[in-house]
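Chemist: return atomic coordinates for the entry below.
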Amino acid sequence: MKRQETHSLDAPAAQEAPRGRSRRRRVRVTAAAAAVVLLGGAFTYFNTNVLNSGRICHGWASPQEAGAALGGGIGRVSASEDSASSCTVEVESWLPGRTKKLNLRAEAEPSGFPFSKGAWEISGARHVLSGGTHGAYDAYGGWALLPTACENAATASGTSPALRAAVIGKSARGDADGMRRLLTSAARARADSTDCTASGHADGATRSSAPSTAGATDLDAVCGINGFRLPGAQSPQGRRIDEQVTGTLRQGLYCDLTFEGEEKGAFAHLAVVSDPALVAALKGRDFTRARCDGKETVLAYDLRYFGAAERAATHLPDAAGFSKAFDDAARTALSCR
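Modeler: Have a look, this model is predicted:
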């Protein structure tokens, strides 16, 4: 009987298989590791600031402060200095639609800022800074006063130098507390960088007062001031009056009065101003000034114009009567002289 021997042509390959598989495995592992490094590098670039840990915007802010003002979270912060007094901050993420921008700039505001007639930029609807830094802010932006010594040769005399921050984009918002930190830090750095520091600016603790929730006004104690009465006051359509208040009488009070449901905004802004830097901004304005609790205090207001028929429908006094009702109540409440 013939002996049959069988030889597999695959035998030599079978012997090499373990080594081949090992090489292929090493290639795959190396490729995977490279991909992880590449993706990790991309993630690090887009979502951290390890390569940008210094200060940005002329040295006014850190990437962390700017990022927090835009809401924080994952994203890489970069900045472009548009001019000697302005810069644009961008928080870029690799997630679509997540890029955010903010403009930070130093400006010469008109005399009387932030109490310009018909355009107050400090109110009961915003957080208010006093003490070391003086300003106002919300989730969309804000401002901080700079010492008058920060005016440069190109700035018209009598203006008010200020630092502004604004989130860019329709309906785009950041974070109110992040905005506070950015404005406080940037105002101090701006003053230091131009050697225009002054007493009363950045040399004490900054206080931040938050706005109350808007709600119905007590017409016998408007803005929480006992004795400030607007009996029967209502909107021209007969709706109630709402108020929103920031601060307190003794530390500075800002109050907005609004007709319920109206989209025009406040019809009256009122302020009991005792912060020295803000009192100075009201110099020359025709408002009541008094000594209250040993501090110079200004009782300021901004009232929308009403025609005779419209005013009659609101049951509000005219400007002189409105001012007197406010002044008398505030002076009594604070024991002013």
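
Chemist: check contacts around Leu70.
Modeler: Neighbouring residues of Leu70 by Cβ atoms under 8 Å, 6 or more residues apart in numbering: 89, 91, 100-102, 167, 174-175, 178. All C-beta spots, glycine's among them, are computed from the backbone N, C-alpha and C.

Chemist: among those residues, which are in helices?
Modeler: Judged by DSSP state H, helices contain the following of those: Gly178.

Chemist: filter the contacts of Leu70 down to the buried ones.
Modeler: 89, 91, 100, 102, 167, 174-175, 178 (16 or more other Cβ atoms under 10 Å).

Chemist: show me where the stretch 101-250 of the chain has its helices.
Modeler: 176-193 (DSSP state H, counting those that start in this stretch).

Chemist: residue boundaries of the strands in it?
Modeler: Under the criterion DSSP state E, counting those that start in this stretch, the stretch 101-250 of the chain contains strands at 127-131, 135-138, 141-145, 160-168, 206-209, 215-216, 241-248.

Chemist: what helices or strands is the one helix or strand Val272 maps to leaning on?
Modeler: Counting by DSSP states H and E, the element that carries Val272 is strand 268-273. Strand 268-273 sits against strand 252-259, strand 295-303, helix 319-334, with contacts defined as 3 or more Cβ pairs under 8 Å, 6 or more residues apart in numbering; DSSP states H and E.

Chemist: next, the angle from it to strand 252-259.
Modeler: Put simply, strand 268-273 runs at 170 degrees to strand 252-259, going by axes from the mean of the first three to the mean of the last three Cα atoms, to 10 degrees.

Chemist: strands paired with strand 268-273, and their directions?
Modeler: Strand 268-273 pairs in its sheet with strand 252-259 (antiparallel), strand 295-303 (antiparallel), by DSSP bridges.

Chemist: now the first one: how far from the chain's centre is it?
Modeler: Relative to the centre of its chain, strand 252-259 is centred 19 Å away, using Cα atoms, centre = their mean, to the nearest Å.

Chemist: pull the CA atoms of that strand into CSV?
Modeler: Output of strand 252-259 as CSV, limited to C-alpha atoms (Å, rounded to 0.1, in the frame of the first residue of the first chain):
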residue,chain,number,x,y,z
GLY,A,252,-26.8,103.9,46.5
LEU,A,253,-30.2,103.0,45.0
TYR,A,254,-31.2,102.8,41.4
CYS,A,255,-34.8,102.2,40.5
ASP,A,256,-36.7,101.7,37.2
LEU,A,257,-40.4,102.3,36.8
THR,A,258,-42.2,100.5,33.9
PHE,A,259,-45.8,100.2,32.7
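
Chemist: what residues are bridge-paired with Val298?
Modeler: Val273, Arg289.

Chemist: again, but for Leu102
Modeler: Bridge pairing for Leu102 (DSSP bridges) gives the partners Val89, Val167.

Chemist: could you pull up the contacting residues of it?
Modeler: 66, 69-70, 88-89, 141, 165-168, 174.

Chemist: ok, now with 6 Å
Modeler: 70, 89, 167 (Cβ atoms under 6 Å, 6 or more residues apart in numbering).

Chemist: now swap in Arg98 and tell me
Modeler: So Arg98 contacts nothing (Cβ under 6 Å, 6+ apart).

Chemist: next, it: secondary structure please.
Modeler: Following DSSP: H, G, I helix; E, B strand; the rest coil, the label given to Arg98 is coil.

Chemist: return the distance of it relative to Lys170.
Modeler: 16 Å (Cβ to Cβ, to the nearest Å).

Chemist: over to Ser212?
Modeler: With Cβ to Cβ as the criterion, Ser212 and Lys170 are 27 Å apart.

Chemist: can you get me a residue count around the nearest residue to Cys255 once chain neighbours are set aside?
Modeler: Nearest-residue entry for Cys255: Cys223, 3.7 Å, with adjacent residues in sequence omitted and distances by Cβ to Cβ, 6 or more residues apart in numbering. The number of residues packed near Cys223 is 24, by other Cβ atoms under 10 Å.

Chemist: same check, this time on Gln234
Modeler: Neighbours around Gln234, by other Cβ under 10 Å: 17.

Chemist: can you pull the contacts of it?
Modeler: Applying Cβ under 6 Å, 6+ apart, no residues contact Gln234.

Chemist: also Leu230?
Modeler: The contact partners of Leu230, by Cβ under 6 Å, 6+ apart, come to 219, 222.

Chemist: swap the cut-off to 7 Å and go again
Modeler: 219, 222, 316, 325 (Cβ atoms under 7 Å, 6 or more residues apart in numbering).

Chemist: quick check, nearest of those residues to Ser111?
Modeler: Ala325 (28.1 Å; Cβ to Cβ).

Chemist: could you measure from the closest one over to Phe306?
Modeler: For Ala325, the distance to Phe306 - Cβ to Cβ - is 16 Å.

Chemist: those two: which has the busier surroundings?
Modeler: Ala325 (19 against 16).

Chemist: please report how far the nearest residue in space to that one that is not next to it in sequence lies from Tyr305.
Modeler: Nearest residue to Ala325 in three dimensions, chain neighbours excluded: Phe228, at 6.1 Å (Cβ to Cβ, 6+ apart). Look at Phe228 and Tyr305: by Cβ to Cβ, they are 21 Å apart.
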